[in-house]
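Here is the input, now give the coordinates:
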Amino acid sequence: MLEQGNLLRNCVLFGRLLRALGVEITPTQILDLVESLNYIEIGNRQDFKQSARAVLISRQEQLALFDEAFDLFWQARAANELTDLDLGKLLRKRRKPQTQQVVYRSSQPNGTESDQVPEPQIERIYTYSNQELLRQKDFAHLDHDELHAVKRLMAKTVWNLEPRRTRRTVRAARGRQIDLRHTMRQNLRHGGEFLRLARRERKFKRRPIVVICDISGSMERYSRVLLQFIYVVTSRLDRVESFVFGTRLTRITRQLRTRNIDQALRDASATIVDWAGGTRIGESIRTFNVEWARRVLNQGAVVLIISDGWERGDVELLAREMDRLHRSCHQLIWLNPLLGDVDYEPLVRGIQAALPHIDNFLPVHNLASLEQLAALLAAQT
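Now for the predicted structure:
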């Protein structure tokens with residue numbers, strides 16, 4: 001295989017190679033690949049290849065491309081050769097526009113080239129759409145025009161949460177439970193004989209969503225775009241509670257309920273007094289647990305925490321409050337905009353304290369990551 005002691009780095013580089021070839025690889029998949037090595041014999045090349053294929057590839061048409069990339073990458077080579085690979089050149093080569101020329105010839109059977117009327121050549125150029133480029137571009141690197149375009153595309157994202165089955169029941173034509181009271185009432189016309197059975201089934205209801213967003217100085221590049229995302233979720237769903245925090249927790253649910261988006265964002269910004277300041281995640285989560293958890297975490301709520309994890313307060317307090325919050329909700333999802341970088345490692349103290357208490361650790365750095373989050377929430381029951 002490759003140089004011993006650099007397996008994690010080589011897995012990251014292999015993920016970069018696949019991404020350069022057009023295969024969507026997330027940092028979570030790379031971590032899953034490394035975790036899978038605990039269950040196979042690393043020295044067996046075929047076992048490693050099959051594990052990597054199962055973790056990294058989700059589409060059948062990408063299998064042949066994966067096999068070629070694997071055989072090219074995982075072979076004996078010099079120690080620094082992988083670092084010197086110009087993966088950007090592969091990406092530019094793959095995205096190079098292609099031109100197709102179609103030339104029409106005369107349909108006369110006896111015509112010569114001099115008799116033929118020259119037909120125009122039609123050039124067809126295949127390029128990536130602007131929307132696709134915007135879907136993949138990091139929020140921190142958007143210019144003014146791209147920011148407005150991303151906000152319009154963000155407003156079109158479909159948020160359709162999968163409903164959960166509650167303990168309450170409703171009338172149904174083919175329910176599993178017999179509604180004895182309604183059965184007796186509707187069969188009185190038949191002299192009390194049970195000729196028809198009324199039935200009931202479990203009622204379905206959407207889970208509440210609670211969003212807690214970091215608006216401290218380290219998140220300034222992302223926080224204003226993410227506030228737009230929170231507005232979209234709040235306006236599309238009827239059971240969303242929204243909070244922001246820096247050094248203190250602030251509820252902005254009422255401000256984001258305004259129909260006009262610009263007015264809603266202005267009202268929310270005016271309410272926030274610690275914008276782009278310090279970060280005290282543990283104290284903010286404790287405030288939420290004490291003052292708001294009982295009111296907004298009922299009926300199996302899903303909690304989204306958006307933060308890069310830079311904690312300037314007590315890390316042990318953060319760990320305790322995250323554990324308490326995790327036990328109070330149905331699912332706890334941490335969204336980190338820095339996770340979109342393939343070289344990201346969870347080294348800051350806040351992230352290390354929170355990771356044992358979260359269910360999903362996902363990126364939130366571009367439109368594609370928001371679509372991934374929407375798909376995850378739609379699959380929750």
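
Can you tell me the element the closest residue in space to Leu367 that isn't next to it in sequence falls in?
Leaving out its chain neighbours, the residue that sits closest to Leu367 by C-beta to C-beta, 6 or more residues apart in numbering is Arg135, at 4.3 Å. (Each C-beta comes from the backbone N, C-alpha and C, glycine too.) Applying DSSP states H and E as the criterion places Arg135 in helix 130-136.

list the buried ones in that helix?
Buried residues in helix 130-136, defined by neighbour count with 16 or more other C-beta atoms under 10 Å: 134-135.

Can you name the next helix or strand after it?
As assigned by DSSP H and E, the chain's next helix or strand after helix 130-136 is helix 144-155.

pull the CA atoms of stretch 41-55 into CSV?
The C-alpha trace of stretch 41-55 is given here as CSV (Å, rounded to 0.1, in the frame of the first residue of the first chain):
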residue,chain,number,x,y,z
GLU,A,41,-7.7,-6.5,7.5
ILE,A,42,-5.9,-3.4,6.3
GLY,A,43,-3.2,-5.5,4.6
ASN,A,44,-5.8,-7.1,2.4
ARG,A,45,-6.0,-4.8,-0.7
GLN,A,46,-9.3,-6.3,-1.9
ASP,A,47,-11.0,-5.9,1.4
PHE,A,48,-10.0,-2.3,1.6
LYS,A,49,-11.2,-1.6,-1.9
GLN,A,50,-14.6,-3.1,-1.3
SER,A,51,-14.9,-1.2,2.0
ALA,A,52,-14.0,2.1,0.3
ARG,A,53,-16.4,1.4,-2.6
ALA,A,54,-19.3,0.7,-0.1
VAL,A,55,-18.7,3.9,1.9
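
tell me how far that stretch is from the chain's mean position?
On the basis of C-alpha atoms, centre = their mean, to the nearest Å, stretch 41-55 sits 27 Å off its chain's mean C-alpha point.

isn't the residue nearest to Leu367 right up against Ser369?
No - counting by C-beta atoms under 8 Å, Arg135 does not reach Ser369; the two are 9.3 Å apart.

Confirm that Ala353 sits in a helix.
Yes - assignment of Ala353 by DSSP: H, G, I helix; E, B strand; the rest coil places it within a helix.

Which residues does the top strand by length along the chain contact?
Longest strand in the chain by number of residues (criterion: DSSP state E): strand 164-172. By C-beta atoms under 8 Å, 6 or more residues apart in numbering, the surrounding residues in contact with strand 164-172 are 175, 177, 179, 182, 198-207, 299-300, 330, 380-381.

6 Å instead?
Residues outside strand 164-172 that contact it (C-beta atoms under 6 Å, 6 or more residues apart in numbering) are 199-205, 207, 300, 381.

between these, which has the most around it?
For the contacts of strand 164-172, the largest neighbour count, defined by other C-beta atoms under 10 Å, is 21 neighbours, found at Arg207.

Report how many residues lie close to Glu24.
Glu24, neighbours per other C-beta under 10 Å, totals 14.

Show me what the longest helix along the chain is in contact with.
Determined from DSSP state H, the single longest helix within the chain is helix 220-236. Outside helix 220-236, the residues within contact range by C-beta under 6 Å, 6+ apart are 139-140, 151, 154-155, 159, 211, 213, 215, 240, 242, 256, 261, 264, 276, 306, 337.

ok so, going back, from the chain's centre, how far out is the longest strand of the chain? Work that out for me.
30 Å.

Describe which strands the following helix or strand past it pairs with in its sheet and in which direction.
Next helix or strand after strand 164-172 toward the C-terminus (DSSP H and E): strand 177-178. Strand 177-178 pairs in its sheet with strand 199-205 (antiparallel), by DSSP bridges.

Outside of the strand it pairs with itself, list whatever touches it.
Looking at strand 199-205 with C-beta under 6 Å, 6+ apart, the contacting residues turn out to be 163, 165-166, 168-172, 175, 177, 179.

and of those residues, the nearest to Asn38?
Nearest to Asn38, judged by C-beta to C-beta, of the contacts of strand 199-205 is Arg165 at 35.6 Å.

Which strand residues bridge the closest one?
Here Arg165, judged by DSSP bridges, has bridge partners Phe204.

pLDDT averaged over stretch 156-174, what's the number?
If you average the pLDDT over stretch 156-174, you get 76.

got it, and stretch 54-68?
Here the average pLDDT along stretch 54-68 is 85.

Okay, buried residues for it please.
55-57, 62, 66.
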